[in-house]
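Participant: take a look and give me a structure for this.
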Amino acid sequence: MFNKAIPTIAATLLLASPLAAQDTEIAFALDWRFEGPSAPYFLALDNGHFASAGLDVEITAGEGSLDAIPKVASGSFPIGFADINSLVRFLDQNPGAPVIAAMMVYDSPPFSIVGRVSQGISGIEDLEGSVLGAPPPDGAWAQFPILAAVNDIDVSTITVEPVGFPTREPMLAEGNVDSVTGFNFSSYLSLARLGIPEDDITTILFADYGVELYGNAIIVNTDFAAANPEVVTSFLGAVVAGVNDSIADPAAGAAAVIDRNPAGDAALEQRRLELALESNIVTDYVLANGMGGIDADRMDRAIEQMRITYEFQNEPDAALYFTDAYLPAADARMLSQ
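Facilitator: Numbering: from 1, shown residues only. This is a model prediction of the structure:
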């Protein structure tokens, strides 16, 4: 079901302009709303990096990875942004679907538990015997069993309170739960915005406690990428430039987001961007090796950890989920510090 629309879409994209070689139209599907972490893509657009690569990029907001992945697999969007763990499950359930990750962005995933010191949560050791608020569709909640398993947490002692996304942080602020699952750059700041002092907020980042999973990646339709490898590589190079622009001037990144989301708070989105850069994108591995690649051994360990929360229908193979074939050269993927 995922293969039929691609040739027509690819041809449309390449022939949309008489100057196709200079002006290739790309529809890029984000997995979420226009917030701070999406700033690198808007800076790549505003600062001319996409244009310099001969790309006319339209960025579209999304409703989660399970929204973005089918968009790319179906060919509606040639390129998107999604959680690689969700992609692994999608490909296991849809063998042969033409979608693959081509650039890792969140080398350290944002999966976190955010708690309050005043509610007794100062670290991971305090989770036992506490009340944990978790939205059932939440990505961090989906991976919580891995965190519990690798840290020998007795989950039977934890009271799990199902909460909605809109009520998650308010319930924690009101003291109805002791901690919540979420993304480090969202739940933390949402709680602070509700008036909770930052020294009363604890962030337990899964990656700091033995969870080997990767996070969000740029994903591509494999039929489109095979037909247009230089376009994909140029797009990824422009994303790296946008990330470097975000590092150099996060205020400009936040402003670029607010241009597309006028109801947003520039200061909040700047802080959200800075947290994503510091905790998820600009890791020691990325600084040493450049943005976008993965460590094969870590990916194998991540797949083994996925077995804790997911029963594979087919034997997993990392080569089905990630390719470095379209990455720019390593020296073109280095990030500033």
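Participant: now stretch 284-300: mean pLDDT?
Facilitator: Averaging the model's pLDDT scores along stretch 284-300 yields 98.
Participant: same check, this time on stretch 95-113
Facilitator: Within the predicted structure, the mean pLDDT of stretch 95-113 is 98.
Participant: could you do stretch 150-157 as well?
Facilitator: The average pLDDT for stretch 150-157 rounds to 98.
Participant: and the residue nearest the centre of this protein?
Facilitator: Note on the chain: the residue nearest the mean C-alpha position is residue 216, at 2.9 Å, using CA atoms, centre = their mean.
Participant: surely it meets residue 85?
Facilitator: No: using CB atoms under 8 Å as the test, residue 216 is too far from residue 85 to be in contact (9.4 Å). Placement of C-beta: from N, CA and C, glycine included.
Participant: for those two, list the residues in contact with both.
Facilitator: residue 109 (CB atoms under 8 Å, 6 or more residues apart in numbering).
Participant: hey, C-alpha coordinates of stretch 127-144 in PDB?
Facilitator: Coordinates of the C-alpha atoms in stretch 127-144 are reproduced here as PDB (Å, rounded to 0.1, in the frame of the first residue of the first chain):
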ATOM      1  CA  LEU A 127      10.200   6.600  42.200                       C
ATOM      2  CA  GLU A 128       9.300   3.500  44.200                       C
ATOM      3  CA  GLY A 129       6.400   4.200  46.400                       C
ATOM      4  CA  SER A 130       5.400   7.400  44.500                       C
ATOM      5  CA  VAL A 131       2.600   8.400  42.300                       C
ATOM      6  CA  LEU A 132       3.600   8.700  38.600                       C
ATOM      7  CA  GLY A 133       1.400  10.600  36.100                       C
ATOM      8  CA  ALA A 134       1.500   9.200  32.600                       C
ATOM      9  CA  PRO A 135      -0.500  10.000  29.500                       C
ATOM     10  CA  PRO A 136      -1.200   6.600  27.900                       C
ATOM     11  CA  PRO A 137       0.000   7.700  24.400                       C
ATOM     12  CA  ASP A 138       3.200   9.400  25.800                       C
ATOM     13  CA  GLY A 139       6.500   8.300  24.200                       C
ATOM     14  CA  ALA A 140       8.400   8.400  27.500                       C
ATOM     15  CA  TRP A 141       5.700   6.300  29.200                       C
ATOM     16  CA  ALA A 142       6.000   3.700  26.400                       C
ATOM     17  CA  GLN A 143       9.700   3.400  27.200                       C
ATOM     18  CA  PHE A 144       9.300   3.500  31.000                       C
END
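Participant: so for it, what gets flagged as buried?
Facilitator: 127, 130-135, 138-144 (16 or more other CB atoms under 10 Å).
Participant: ok, stretch 164-181 next?
Facilitator: Neighbour-count burial for stretch 164-181, with 16+ other CB under 10 Å as criterion, is recorded at 168-169, 171-173, 177-181.
Participant: which residues in the stretch 151-300 of the chain form helices?
Facilitator: Counting by DSSP state H, counting those that start in this stretch, one finds helices in the stretch 151-300 of the chain at the ranges 168-173, 184-193, 222-227, 229-248, 250-260, 266-276, 284-289, 296-306.
Participant: and these, which one's lowest on average pLDDT?
Facilitator: helix 184-193 (a mean of 91).
Participant: could you check the angle helix 266-276 makes with that helix?
Facilitator: Angle of helix 184-193 versus helix 266-276, following axes from the mean of the first three to the mean of the last three CA atoms, to 10 degrees, is 140 degrees.
Participant: hmm, back to that, could the helices of the stretch 151-300 of the chain be laid out in a markdown table, adding distance to residue 207?
Facilitator: As requested, the helices of the stretch 151-300 of the chain are arranged in a markdown table below (distance: least, CB to CB, whole Å):
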| stretch | distance to residue 207 |
| --- | --- |
| helix 168-173 | 21 |
| helix 184-193 | 9 |
| helix 222-227 | 28 |
| helix 229-248 | 19 |
| helix 250-260 | 22 |
| helix 266-276 | 13 |
| helix 284-289 | 11 |
| helix 296-306 | 11 |
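Participant: who wins for proximity to residue 75 among these?
Facilitator: Shortest distance between residue 75 and the helices of the stretch 151-300 of the chain, using CB to CB, is found for helix 222-227: 7.2 Å.
Participant: which helices and strands does the closest one pack with?
Facilitator: Identification of packing neighbours for helix 222-227 by 3 or more CB pairs under 8 Å, 6 or more residues apart in numbering; DSSP states H and E yields helix 6-15, strand 99-104.
Participant: residues contacting the shortest one, please?
Facilitator: It stands for strand 99-104. 2, 69, 72-73, 84, 87, 90-91, 214-215, 217-222, 225, 232, 236, 239, 291-294, 320-327.
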